[in-house]
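[1] sequence plus predicted model, see below.
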Amino acid sequence: MKIKDYSKIIFISLLCISFTSINAQSNRKVKQKKYQKVKRHTPHYRYANLPRWGYSYKVAPKKAYIVKHSGKKFHYKSGIYYKKSGAKYVIVKAPIGIRVRTLPKERIRCIVHGKKYFYYYGTFYQKSDNNNEYVTVDPPIGVKVDALPEGYANVEINGEDLYEFEGTYYKAITDENNQELYEVIGEK
């Protein structure tokens, strides 16, 4: 074969490779755009291994504390509340005013209007007057948290995208460190 023949073969090969590469890149861009439309939620790392609100179990967790409130019994373990429902134990929202002695170490501290709150897995607490217990409270308007538990709903109200969790509305905001936070803006 002559040098011209080799040159033609190399040129045609390079041309085929470049068209294949361009086509693959354009397909990748189409796929990326297609999947960017769907906003998927993954649990915050602190909540990733926790059970989802509303799940039920045949038995209460081992070493759970029994906490009584308004004549009802709840099982409390590691910031999660379980209530007996029939023959099962369901993960439920903590009733306002329930008192516990300990919170998980992963809780976060928030200050709003000069008041200190603690937040863990969708529940807000304040220290009791004698400082030996934590009392569940209504979510304070304006408080910002870094994560919502699994089970929230995306809602649109007056053209604004919000998150609703257990009757409380949150708005996604970005702080000065470019971290996404969720601000309590009201209740149902």
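    Perfect, thanks for sending it.

[2] residue contacts, Thr102?
    Taking C-beta atoms under 8 Å, 6 or more residues apart in numbering as the contact definition, Thr102 lies against Tyr134. Glycine gets a C-beta too; all of them are placed from N, C-alpha and C.

[3] and the helices in the protein?
    Assigned by DSSP state H, the helices in the chain fall at 3-36.

[4] how about low-confidence regions in it?
    Scanning the chain for pLDDT under 70 picks out 1-46.

[5] taking the centroid of it, which residue is nearest it?
    In the chain, the residue lying closest to the centroid (C-alpha atoms, centre = their mean) is Leu148, at 3.4 Å.

[6] can you report how many residues neighbour the closest residue to Tyr89 other than its chain neighbours?
    Closest residue to Tyr89 apart from its sequence neighbours, by C-beta to C-beta, 6 or more residues apart in numbering: Tyr82 at 4.3 Å. Per other C-beta atoms under 10 Å, the neighbour tally for Tyr82 reads 24.

[7] pretty sure Tyr82 contacts Lys88?
    No: when contacts are counted by C-beta atoms under 8 Å, Tyr82 is not listed as touching Lys88 (9.3 Å).

[8] joint contacts of these two?
    Contacts common to Tyr82 and Lys88, judged by C-beta under 8 Å, 6+ apart, are Tyr57.

[9] picking that back up, quick one: the residue nearest to the centre of the chain and Gly122 touch, right?
    Yes: using C-beta under 8 Å, Leu148 is in contact with Gly122, at 6.8 Å.

[10] overlap of the contact sets of the two?
    Phe165.

[11] which residues does the closest residue in space to Tyr163 that isn't next to it in sequence contact?
    The spatially closest residue to Tyr163, leaving aside those adjacent along the chain, is Tyr170, at 4.4 Å (C-beta to C-beta, 6+ apart). For Tyr170, the contacting residues are Val145, Leu148, Tyr152, Leu162, Tyr163, Glu164, Tyr182, Glu183, Val184, Ile185, by C-beta under 8 Å, 6+ apart.

[12] Tyr170 bridge partners, please.
    Taking DSSP bridges as the rule, Tyr170 bridges to Tyr163, Val184.
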